[in-house]
Every structure is written in structure tokens, then in C-alpha cells.
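Trainee: have a look at this prediction, sequence included:
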Amino acid sequence: MLQLLLLMANLIFLQRELSLGGHPKCWYLQIFVHLTLKNLQTNPFVEINVIDPLSRKGYLFKGQARVVEDNSLYAEILNHYKKMGINSPINSIILVDISDVSEVTSPSYDMGISEQEIKSKWKKHFESL
């Protein structure tokens, strides 16, 4: 499960994309959220949920975050996103050392509703917006 490549708004992915070594990590770029750094200084422990909007299945990543400063890792991550076409100004890169990963599913599955039924319901919902 830790080998999965995850994308969250094309801004989060695990270590196998870059040469980080050690245990799994993910990061996100601070583009729009201005209080993130202040919050992380107070409490670096984070949880990141990545959920498929149709199947209502995903993963919960728990770990400790830190800001990546202007160094070679910062440059490597920044270069990766520039190659992907991200043109937004990137204010910070927050690296999360992942300590736990768990699967997340909708309570609808507990009620016996099939994945196909759930996907169909949410597809109709999003098409109606």
C-alpha cells in the first residue's frame, strides 16, 4: 500500500518519484493556504485524506510535517512541478514523513451498497451540477 502513487489535485505524490530514500514521504505545495505554516509550527502532526469522489474509497495518511527550505530537495521538487506545467507561485513545500496509512471507505459500503451503485449515484450527482 505504501508503494501507491497518489495524486491530490496533482500536488501530492510519494517518494518513488524523487530520490528521497528512507521511509515513505509525501508533500504538498502551499499555493493558496496562508495559515498552513503557522499551524504547522504549533502542531506538525497531520492527516491527509485522498478520496476518489465517485467510488468514495481512498486512503488516510498520518505523519509529521516539516517545511522544506531552499535546498537541493526543494529545487528537485519545484523542478518536478514546473515540468508538469504548474505555473502558480509556490510559496512553500511541506514534506510529510508518513507514519501510518489506512484505507477509507464510505459508510454506504457497510450498508451493502455496491461500488457500482455508489459510483453511479455520484456520477449522476456531479453531472447535475
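Mentor: That came through, no problem.

Trainee: now stretch 84-103: buried residues?
Mentor: The neighbour-count check on stretch 84-103 (16 or more other Cβ atoms under 10 Å) flags 90, 92-98, 101 as buried. Yep, even glycine has a C-beta here, placed from its N, CA and C like the rest.

Trainee: brain fart, stretch 113-122
Mentor: For stretch 113-122, a neighbour-count test (16+ other Cβ under 10 Å) marks 115, 118-119, 122 as buried.

Trainee: and Lys38, which of the three is it?
Mentor: Assigned with DSSP: H, G, I helix; E, B strand; the rest coil, Lys38 falls in the helix class.

Trainee: between the two ends of stretch 100-116, how far is it?
Mentor: Taking Cα to Cα, to the nearest Å as the measure, stretch 100-116 stretches 29 Å from start to finish.

Trainee: just to revisit the earlier point, ok, the buried residues of stretch 113-122 vs Gln41, which is closest?
Mentor: Of all the buried residues of stretch 113-122, Gln41 sits closest to Trp122, with 37.2 Å by Cβ to Cβ.

Trainee: where does the closest one fall, secondary structure wise?
Mentor: helix 115-127 (DSSP states H and E).

Trainee: other SSEs contacting that helix?
Mentor: Helix 115-127 makes packing contacts with helix 107-110 when contacts are defined by 3 or more Cβ pairs under 8 Å, 6 or more residues apart in numbering; DSSP states H and E.
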